[in-house]
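Colleague: below are the sequence and a predicted model; questions follow.
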Amino acid sequence: MAELAPLLLSALILGLLGGGHCLGMCGGLMGALTLAIPPEQRARRVRLLLAYNAGRIFSYALAGLLVGLAGWAIASSPAAMALRVVAALLLICMGLYLAGWWSGLTRIEALGRGLWRHLQPAARRLLPVSSVPHALLLGGLWGWLPCGLVYSTLLWAASQGSATDSALLMLAFGLGTLPVLIATGLAAERLTALLRQRGVRIAGGLLVILFGLWTLPGPHQAWLMGHGATSGGQQHIH
């Protein structure tokens, strides 16, 4: 679990700072969910927002579980090292995206357009949302909307070689996106403005890039592990 902790933190940061991209995908829907609800019915508005996002995050975790099964099959093969390199490079690319230095991740959104063509009519039929179950189901469908950031995170999660870990990483990513989308639905501009600040995005991007560099197989890991072992050995002697 200790090894998974920095990865979960990285997934959370990806979701939190990638929320600006999510606004482009779901921001209009957040408004549609709450537009017809009078301001005095704030509790109902919150319930619908939470239900929608619960469904969306569940779909991310389910996708993580499914792709994680494929990653688990590869992890025990000679391709495992290549899978780890791909995971590290994806983390670096996502860090560059979060910092605003490169936006190539959005090009992979074409991968899911075929699936979305089949799901979109069902999602549209649930609008306008009038109940919590409808909001939950809508979120579950909307979670499969083609998104370069989500797909990149999925590929990275799959490279961990564990279906459970992949699902947990996607769950953490989904939870990271929650504050921005909830704030948007409740018109809490201060939070969204804070997360969009360039300094915050660059700091988060650099942190994710560091995780990516650490994930890359290489002599830096052997040195750090060896250093730790030497230190431990010296402590043992004393």
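Modeller: Sure, I can see it.

Colleague: all the helices of the chain, residue numbers only.
Modeller: 4-17, 19-35, 42-75, 80-99, 113-125, 132-142, 148-158, 163-185, 189-195, 198-215, 219-237 (DSSP state H).

Colleague: where among those helices is average confidence lowest?
Modeller: Lowest mean pLDDT of the helices of the chain: helix 219-237, a mean of 48.

Colleague: quick one, what contacts the spatially most central residue of the chain?
Modeller: With the centre of the chain defined as its mean C-alpha position, the nearest residue by CA atoms, centre = their mean is Phe173, 3.0 Å away. Residues near Phe173 by CB atoms under 8 Å, 6 or more residues apart in numbering: Ala11, Leu12, Leu14, Gly15, Tyr60, Val150, Thr153, Ala157. Bear in mind the C-beta positions are built from the backbone N, C-alpha and C, glycine included.

Colleague: with Ala11 instead?
Modeller: Thr153, Ala157, Leu169, Met170, Ala172, Phe173, Gly176.

Colleague: now do Gly104
Modeller: Cys93, Tyr97.

Colleague: tell me the pLDDT at it?
Modeller: On the pLDDT scale, Gly104 gets 78.

Colleague: how near is it to Val86?
Modeller: 15 Å (CB to CB, to the nearest Å).

Colleague: swap in Ala5?
Modeller: On the measure of CB to CB, Ala5 and Val86 end up 22 Å apart.

Colleague: so those two - more neighbours on which side?
Modeller: Val86 (16 against 9; other CB atoms under 10 Å).

Colleague: surely that one and Ala158 touch.
Modeller: No - assessed by CB atoms under 8 Å, Val86 is found out of contact with Ala158, at 9.3 Å.

Colleague: circling back to that earlier point, out of the helices of the chain, deepest packed?
Modeller: helix 148-158 (a mean of 25; mean count of other CB atoms under 10 Å).

Colleague: quick one: distance of that helix to the chain centre.
Modeller: How far helix 148-158 lies from its chain's middle: 7 Å, per CA atoms, centre = their mean, to the nearest Å.

Colleague: just stretch 121-136 next, same as before
Modeller: Centre-to-centre, stretch 121-136 and its host chain are 23 Å apart (CA atoms, centre = their mean).

Colleague: could you export that stretch as PDB, CA atoms only?
Modeller: Extracted C-alpha coordinates of stretch 121-136, given in PDB (Å, rounded to 0.1, in the frame of the first residue of the first chain):
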ATOM      1  CA  PRO A 121     -28.800   9.000 -27.100                       C
ATOM      2  CA  ALA A 122     -29.500   7.200 -23.800                       C
ATOM      3  CA  ALA A 123     -27.800  10.000 -21.900                       C
ATOM      4  CA  ARG A 124     -29.700  12.700 -23.700                       C
ATOM      5  CA  ARG A 125     -33.000  10.900 -22.900                       C
ATOM      6  CA  LEU A 126     -32.300  11.400 -19.200                       C
ATOM      7  CA  LEU A 127     -32.400  15.200 -19.500                       C
ATOM      8  CA  PRO A 128     -33.700  17.200 -17.900                       C
ATOM      9  CA  VAL A 129     -32.800  15.400 -14.700                       C
ATOM     10  CA  SER A 130     -35.700  15.200 -12.200                       C
ATOM     11  CA  SER A 131     -34.500  12.700  -9.600                       C
ATOM     12  CA  VAL A 132     -31.500  11.300  -7.900                       C
ATOM     13  CA  PRO A 133     -31.600   7.900  -9.700                       C
ATOM     14  CA  HIS A 134     -31.700   9.700 -13.100                       C
ATOM     15  CA  ALA A 135     -28.800  11.900 -12.100                       C
ATOM     16  CA  LEU A 136     -26.800   8.800 -10.900                       C
END
